[in-house]
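Peer 1: Sequence below, structure please.
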Amino acid sequence: MKKIILSTVFALGLSVSAVKAEPVQYHFDKSHSSIEFRINHLGFSNFQGEFQGFDGTLLFDEAKPENSSVNVTIDAASIDTDVAALDAHLKKADFFDVAKFPTLSFKSKSIKVTGENTGEITGDLTLHGVTKEVVLLTTLNKAALHPMMKVPAVGFSASTTIKRSDFGVSAYVPAVGDEVTIRIETEAHAK
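Peer 2: Numbers count the residues shown, from 1 in each chain. Sure thing, here's the model as predicted:
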């Protein structure tokens, strides 16, 4: 799931030099964030797609990253694989069934710092009307004053792997892979 949210969310649990004592709210820079996915097709290729439409909130506490949080909602109909016919099929009942399930969402529940710039964000992913706990392996790329905008900014990369059948999306398994790798790239700015 390319541009998701989930693009968003993941640098939260990272340890950075603490300057502020309270969480700061950041807004996603959607032109520099993405929610991408990869899935195997018939054993021949691992094709990718992304979600273009997403929004949410990111609270980042530099002093105590474990107090941070992320909440993202993704527009299921914004799926984009660069193949119009495939996008249309993925929106149908075989896969995302966007008429019935118009959004996907991720809401963090806890953050565990695992290294100087790494963390695990555990949260609930809701897809196709099913909610399952997932863990986003997250790296804080940078937390600093944005050089052009002159506001605090954060950037992070996150990834996870899910089984789509766990969310009730099992069309064409195993020909079309059950495992889906999700990668999120996020840049966010404080107001």
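Peer 1: And the strands in this structure, which stretches?
Peer 2: Counting by DSSP state E, the chain has strands at residues 24-28, 34-41, 45-51, 54-60, 69-75, 79-80, 103-113, 118-127, 130-145, 152-163, 176-190.
Peer 1: Could you check the ones you listed and tell me which one is nearest residue 86?
Peer 2: Of all the strands of the chain, strand 45-51 sits nearest to residue 86, with 8.1 Å by C-beta to C-beta. In this view, the C-beta of every residue, glycine as well, is placed from N, C-alpha and C.
Peer 1: Could you list every helix and strand in contact with the closest one?
Peer 2: strand 34-41, strand 79-80 (3 or more C-beta pairs under 8 Å, 6 or more residues apart in numbering; DSSP states H and E).
Peer 1: These into CSV, with extra columns for distance to residue 156, mean neighbour count and mean pLDDT?
Peer 2: Output for the helices and strands packed on strand 45-51, formatted as CSV (distance: least, C-beta to C-beta, whole Å; neighbours: other C-beta atoms under 10 Å; pLDDT from 0 to 100):
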stretch, distance to residue 156, mean neighbour count, mean pLDDT
strand 34-41, 12, 20, 96
strand 79-80, 22, 21, 97
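Peer 1: wait, which of the ones you listed is closest to residue 59?
Peer 2: Taking C-beta to C-beta, strand 34-41 is the member of those nearest to residue 59, at 19.0 Å.
Peer 1: can you list the weak-confidence ranges in the chain?
Peer 2: 1-21 (pLDDT under 70).
Peer 1: please redo it, this time with the cut-off set to 50
Peer 2: 1-20 (pLDDT under 50).
Peer 1: returning to what we had before: for residue 139, which of the helices and strands packed on strand 45-51 is the nearest?
Peer 2: Of all those, strand 34-41 comes closest under C-beta to C-beta, at 15.0 Å.
Peer 1: What angle do strand 45-51 and that closest one make with each other?
Peer 2: Relative orientation of strand 34-41 versus strand 45-51 (axes from the mean of the first three to the mean of the last three C-alpha atoms, to 10 degrees): 150 degrees.
Peer 1: circling back to that earlier point, between the helices and strands packed on strand 45-51, which gets nearest to residue 71?
Peer 2: strand 34-41 (14.0 Å).
Peer 1: packing partners for the closest one?
Peer 2: Counting contacts by 3+ C-beta pairs under 8 Å, 6+ apart, strand 34-41 packs against strand 45-51, strand 176-190.
Peer 1: okay if I get the strands of the chain as a markdown table plus distance to residue 94?
Peer 2: Formatted as a markdown table, these follow (distance: least, C-beta to C-beta, whole Å):
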| stretch | distance to residue 94 |
| --- | --- |
| strand 24-28 | 30 |
| strand 34-41 | 14 |
| strand 45-51 | 15 |
| strand 54-60 | 23 |
| strand 69-75 | 19 |
| strand 79-80 | 13 |
| strand 103-113 | 16 |
| strand 118-127 | 14 |
| strand 130-145 | 16 |
| strand 152-163 | 17 |
| strand 176-190 | 10 |
